[in-house]
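Colleague: Pasting the sequence and the predicted model now:
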Amino acid sequence: MTRRETTRFLSDLLVCQRLSGRGKYWAREVSIDYGTSDVRRIDFLQFDPPGQMSVSDIEKGLFIGYEVKSCRNDFYSGHGQNYIGDKNYLVMPMAVYKELIQDIPEGIGVLVPVPMLADVNDEFQSPTILSDDRDWKLCAVRYAFPQRRKRAMVELLFCMLRSRQFAKGEEGHHADHELHDNGGRFQNGF
């Protein structure tokens, strides 16, 4: 797969297995500090409240950031290591994870695609090449630890809302809240 195809593959898998379903609130390409010279963008930002029936449940919600990295150069490009959530994950192929294992910041989690019936430990020893001809699952090989978020909840929710509005307004761009057909490559679930 090309770098672009790998990014799309990883993004589709993330949406299908971590972000889709009832009670899931997320946005793609969320800009932070928009309109300044220090604007940054996170690939995916999810808001995960423990419930939706009370103000206190919503106020206890966590922001989970996901940065998709298709290759080593993508990781070191200087773009997209924006860890602004309460928890933050990198999403990358297993082979890339093995290359970068020592360079991933402490507390940042890592999600990797693994063939549906494969064991993640076996996959680490001998990574399967990404392809569309099999079913995949997204597995955590490293869990994210909670961080002290520096942004207010209302600011991050506004940034998520703004990114969704831009996505809807772009000609030919699908709305991020719709589950797209992944051609049967992925199994829906968490």
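Modeller: That came through fine.

Colleague: which outside residues touch whichever helix or strand Q46 is part of?
Modeller: Under the criterion of DSSP states H and E, Q46 resides in strand 40-48. If you take Cβ atoms under 8 Å, 6 or more residues apart in numbering as the criterion, strand 40-48 is touched by 11, 14-15, 18-19, 24-33, 61-68, 79-80, 82, 84-85, 91, 156-157, 159-160. Glycine gets a C-beta too; all of them are placed from N, C-alpha and C.

Colleague: buried residues in that strand?
Modeller: R41, I42, D43, F44, L45, Q46, F47, D48 (16 or more other Cβ atoms under 10 Å).

Colleague: Over to stretch 86-103?
Modeller: Applying a neighbour-count criterion of 16+ other Cβ under 10 Å, one finds 86-97, 100 buried in stretch 86-103.

Colleague: quick one on the thing from earlier: for the helix or strand following the strand holding Q46, name the packing helices and strands.
Modeller: Beyond strand 40-48 on the C-terminal side, the first helix or strand identified by DSSP H and E is helix 55-59. Contacting helix 55-59 under the criterion 3 or more Cβ pairs under 8 Å, 6 or more residues apart in numbering; DSSP states H and E is no other helix or strand.

Colleague: Let me know whether P50 touches S56 as I believe.
Modeller: No. Here P50 does not reach S56: they are 9.1 Å apart, not a contact under Cβ atoms under 8 Å.

Colleague: What strand or helix carries the residue nearest the centre of the chain?
Modeller: Geometric centre of the chain, nearest residue: Y66, 3.0 Å, by Cα atoms, centre = their mean. Take DSSP H and E as the rule and Y66 turns out to sit in strand 62-68.

Colleague: Now the element after that strand, going C-ward?
Modeller: For strand 62-68, the succeeding helix or strand toward the C-terminus, using DSSP H and E, is helix 72-75.

Colleague: now what about that next one, what contacts it?
Modeller: Contacts made with helix 72-75 from outside it, assessed by Cβ under 8 Å, 6+ apart, are listed as R3, T7, K69, G80, Q81, L90, M92, V96, E99, L100, D103.
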